[in-house]
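[1] model the structure of this input:
(2 chains)
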Amino acid sequence: AQRVTQPEKLLSVFKGAPVELKCNYSYSGSPELFWYVQYSRQRLQLLLRHISRESIKGFTADLNKGETSFHLKKPFAQEEDSAMYYCAPMDSNYQLIWGAGTKLIIKP
Amino acid sequence: DAGVTQSPTHLIKTRGQQVTLRCSPKSGHDTVSWYQQALGQGPQFIFQYYEEEERQRGNFPDRFSGHQFPNYSSELNVNALLLGDSALYLCASSLQQHSAGNTIYFGEGSWLTVV
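    As a prediction, this is how the structure comes out:
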């Protein structure tokens, strides 16, 4: 079965420090991969998608097919980055398979 | 554009009852999906509607049913509620069925508590 693992339930870093949110997936094909973010009291929203190789709010994510990982990175964390982050590969039926999420807390 | 809107925002039901949740997609979107998000977990796909038909379904029992109307709005119905159905129910919409290129927009969700 397809599965997504976000090993850290909670990640706490200081403002200005680098951030890496881990995501590993098990999938036989070459899925499209997404990161979604949910800020406090806001709805889930798309942060970035691998297909467009974009960088949003300073975040990037590199697909490593060998390790089946799609870790989310930002070189210098900001307080407004505190949120819940979800990794979500898309399966062959174009459905998102969600990880359990990582809560990122940026300490001042 | 109000984006995806859901109602009600919160509700409490008794075990065994039935509930209907409603969703209006983002303007111009014709595809609606429903997700269940239990506390501390990621969303779980329930089903997707396109052209008023259920196109895909996740691993949920038949107690979960839905409908899409000609104006693309949608309802999620859950019968014979169980305590384990307590969760946040999310509606998401996109254009012409979800694909890698289409952006999926989410509503704020309906919090269902079953007591």
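[2] for A:Ala61, what are its contacts?
    Residues in contact with A:Ala61 (CB atoms under 8 Å, 6 or more residues apart in numbering or on different chains) are A:23, A:33, A:35, A:48, A:50, A:70-73. The C-beta positions use only the backbone N, C-alpha and C, and glycine is treated the same way.
[3] min pLDDT across these, which one?
    The member of the contacts of A:Ala61 with the lowest pLDDT is A:His50, at 82.
[4] and for it, nearest residue in space, chain neighbours not counted?
    A:Leu33 (4.3 Å; CB to CB, 6 or more residues apart in numbering or on different chains).
[5] what's the answer for A:Lys107, then?
    A:Phe14 (5.0 Å).
[6] which residues sit in contact with the one you found?
    Contacts of A:Phe14 (CB under 8 Å, 6+ apart): A:77, A:106-108.
[7] quick check, nearest of those to chain B?
    A:Ile106 (20.6 Å; CB to the nearest CB).
[8] count the residues that sit near that closest one.
    20 (other CB atoms under 10 Å in any protein chain shown).
[9] show me what the host helix or strand of it is packed against.
    Here A:Ile106 sits within strand A:102-107, counting by DSSP states H and E. Judged by 3 or more CB pairs under 8 Å, 6 or more residues apart in numbering or on different chains; DSSP states H and E, strand A:102-107 is in contact with strand A:10-14, strand A:19-21, strand A:83-90.
[10] how about 6 Å then?
    Packed against strand A:102-107 by the contact rule (3 or more CB pairs under 6 Å, 6 or more residues apart in numbering or on different chains; DSSP states H and E) you find strand A:10-14, strand A:83-90.
[11] which of those strands sits most buried?
    strand A:83-90 (a mean of 23; mean count of other CB atoms under 10 Å in any protein chain shown).
[12] what's in contact with it?
    Residues outside strand A:83-90 that contact it (CB atoms under 6 Å, 6 or more residues apart in numbering or on different chains) are A:4, A:6, A:21, A:23, A:25, A:27, A:31-39, A:96-99, A:101-104, B:42, B:100.
[13] now that strand against strand A:10-14, angle please.
    130 degrees (axes from the mean of the first three to the mean of the last three CA atoms, to 10 degrees).
[14] tilt between strand A:83-90 and strand A:102-107?
    150 degrees.
[15] what mean pLDDT would you report for strand A:83-90?
    93.
[16] try stretch B:37-47
    92.
[17] quick check: buried residues in that stretch?
    B:37, B:42-47 (16 or more other CB atoms under 10 Å in any protein chain shown).
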